[in-house]
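Trainee: here's my sequence, what's the structure:
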Amino acid sequence: WKNTYSPYDSGALKGKAVDDVLAGRHSLKSHAENTGLVHRTTPATVPFEEGRTYRVSFSYQTNIEGQWAWVTGADRVADGKTTSRDITRDVLEPALDTAAYSREIVAGCGDTWVGLRKLGSARGADLVIDDFTVTDLGVAETGAACAAVTAPNGVELSPGVPGEYVTAFTNHESADAVNVGIALPGLPEGWKAEVKEKNGNLFESVEPGATVRTAWLLTPPAGTTDTSPVWKVTATYAHGGDTKTVSAGARVSVTDEPVLSPGSMTATADSENTSSGPGEGPVSNVLDGDAGTIWHTDYTASQAPYPHWVTLKFGGAADIDGFGYLGRQSGGPNGRVADYEVAVSDDGKDWTTVVGGTLEDVPRTQRVSFDRVRASYVRFTALNALNRQPYAAAAEVRVYGVPVELPTGYPPGERPAGTR
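Mentor: Next comes the predicted model:
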């Protein structure tokens, strides 16, 4: 914290981090939170009335990009059970000086609430909020938009290389959402956006409860290395005679060296824990861009001994020269890998070892390099753990290189106007 206000204004971090309080008053600070919903309103604390428009605003400071999102959600009760879901999600931009957030919402879709969600697992991520205000703007012109659109978190792209970027639309309305169009407004100048399948961003009808996905190919232009641009993902659809739009904040990181798009790969492993939920166990977590979710070998049904392995299958042959491993960021030392080998294959059957060594116990991605080789698969083999226990884990893995054949797509389709 930078301690702007007396008597705490002599800190060595002044001007380099967030304040403990904003404007010298009491504030709400979130520090080193786990991923997930951190704070939210309830109907008892902030009663939103269905069919009315509200402006939600607050001032804030935060220090690390991509870590926090302000969400609008709704609760529904059915068959004695309460379900809760996000409807909109706005990623908060870093601000070491106090910034302002404001958004208008239409209450509905159940018991409306607003709150703070932690997206990433970066260490030292702080957020301070003050002046939280909800203003009733009166009866809404249209009903609440109850569908949701989501964008992936933690996607890495390379200049000049099309990378896969998958958005999802879920219909939470009571009837079909029709004439659904997904778009990426605000994409930075010079970027190229295509869809992998023709008109893959348009859907004639989506049933209640169903989710549809759009696979985009995004190409950053030259000169964008080490940037993290932001834009919106929007979904426009017709329901009940109204045209509605929902949106979510979107962000990617442009790497300083070519990296294969995680969305173009699939992962398999020798062992996965299946009893601890989707955030700890599935090997697919190593490609999801979220350092807070991990692959972990089984520790419930059995304790499989070392060695353990993760195999990545590419979308096609690629020229590669490096592998990246990010260990688990929280939850204890189990699974942090010590000795390893990396092997490559053309067919997933015959393997050639290209590098081996020992990893460190550090909270960053460790890149290991090898002579450039053409391959369609990579296998990371963990030989033992830093704490000598039988478990292996990883938050994220990456392969550095370029596809032999760059993927191509189609221009996004235009949603027909006037259809309800």
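Trainee: can you name the next helix or strand after the longest strand anywhere in the chain?
Mentor: Longest strand of the chain, by residue count under DSSP state E: strand 308-326. Elements were assigned by DSSP states H and E; along the chain past strand 308-326, the next helix or strand is strand 339-345.
Trainee: need the residues that contact that next one.
Mentor: Contact partners of strand 339-345, identified using CB atoms under 8 Å, 6 or more residues apart in numbering, comprise 320, 323, 325, 351-359, 368, 370, 373, 375-384. Quick note: C-beta positions are derived from backbone N, CA and C, even for glycine.
Trainee: can you flag which of the residues you listed belong to strands?
Mentor: Among the contacts of strand 339-345, DSSP E puts 320, 323, 325, 352-358, 368, 370, 373, 375-382 in strands.
Trainee: could you pick out the buried ones from the residues you listed?
Mentor: For these, a burial check counting by 16 or more other CB atoms under 10 Å picks out 320, 323, 325, 354-355, 368, 370, 375-382.
Trainee: got the domain boundaries for the chain?
Mentor: 28-139, 148-254, 262-403 (automatic domain parsing).
Trainee: how about a markdown table for those domains, with mean pLDDT added?
Mentor: Shown next, in a markdown table, are these (pLDDT from 0 to 100):
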| stretch | mean pLDDT |
| --- | --- |
| domain 28-139 | 92 |
| domain 148-254 | 93 |
| domain 262-403 | 93 |
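Trainee: those: which one's closest to residue 409?
Mentor: Residue 409 sits nearest to domain 148-254 of all these, at 3.2 Å, using CB to CB.
Trainee: can you report phi and psi for residue 286?
Mentor: phi -70, psi -10 (degrees, to the nearest 10).
Trainee: and it, how far is that from residue 242?
Mentor: According to CB to CB, to the nearest Å, residue 286 and residue 242 sit 41 Å apart.
Trainee: which of these two has more neighbours?
Mentor: residue 286 (25 against 13; other CB atoms under 10 Å).
Trainee: surely the more buried one and residue 265 touch.
Mentor: No: using CB atoms under 8 Å as the test, residue 286 is too far from residue 265 to be in contact (9.5 Å).
Trainee: paired strands for the longest strand of the chain, with orientation please.
Mentor: Applying DSSP bridges, strand 308-326 is found paired with strand 266-269 (antiparallel), strand 366-382 (antiparallel), strand 396-403 (antiparallel).
Trainee: would you mind telling me which of those is nearest residue 150?
Mentor: With CB to CB as the measure, strand 396-403 is the member of the strands paired with strand 308-326 nearest residue 150 (19.1 Å).
Trainee: tell me the angle of the longest strand of the chain relative to strand 339-345?
Mentor: Put simply, strand 308-326 runs at 100 degrees to strand 339-345, going by axes from the mean of the first three to the mean of the last three CA atoms, to 10 degrees.
Trainee: I'd like the distance from the helix or strand containing residue 193 to the chain centre, please.
Mentor: Using DSSP H and E, residue 193 maps to strand 192-195. When C-alpha coordinates are averaged (CA atoms, centre = their mean, to the nearest Å), strand 192-195 and its chain have centres 19 Å apart.
Trainee: partner residues bridging residue 29?
Mentor: Beta-bridge partners of residue 29, as defined by DSSP bridges: residue 128.
Trainee: which ones are touching it?
Mentor: With CB under 8 Å, 6+ apart, residue 29 has these contacts: 20-21, 126-129.
Trainee: hmm, which of those are the buried ones?
Mentor: Taking 16+ other CB under 10 Å as the criterion, what is buried in these is 20-21, 126-129.
Trainee: could you report the distance from the closest residue to residue 28 other than its chain neighbours to residue 313?
Mentor: For residue 28, ignoring the flanking residues on the chain, the nearest one in space by CB to CB, 6 or more residues apart in numbering is residue 129 at 4.7 Å. Separation of residue 129 from residue 313 (CB to CB): 43 Å.
Trainee: name the nearest of the buried ones among the ones in strands among the contacts of strand 339-345 relative to residue 33.
Mentor: residue 325 (24.9 Å).
Trainee: isn't that closest one right up against residue 365?
Mentor: Yes: assessed by CB under 8 Å, residue 325 is found in contact with residue 365 at 6.9 Å.
Trainee: intersection of neighbour lists for the two?
Mentor: Joint contacts of residue 325 and residue 365 (CB under 8 Å, 6+ apart) are residue 396.
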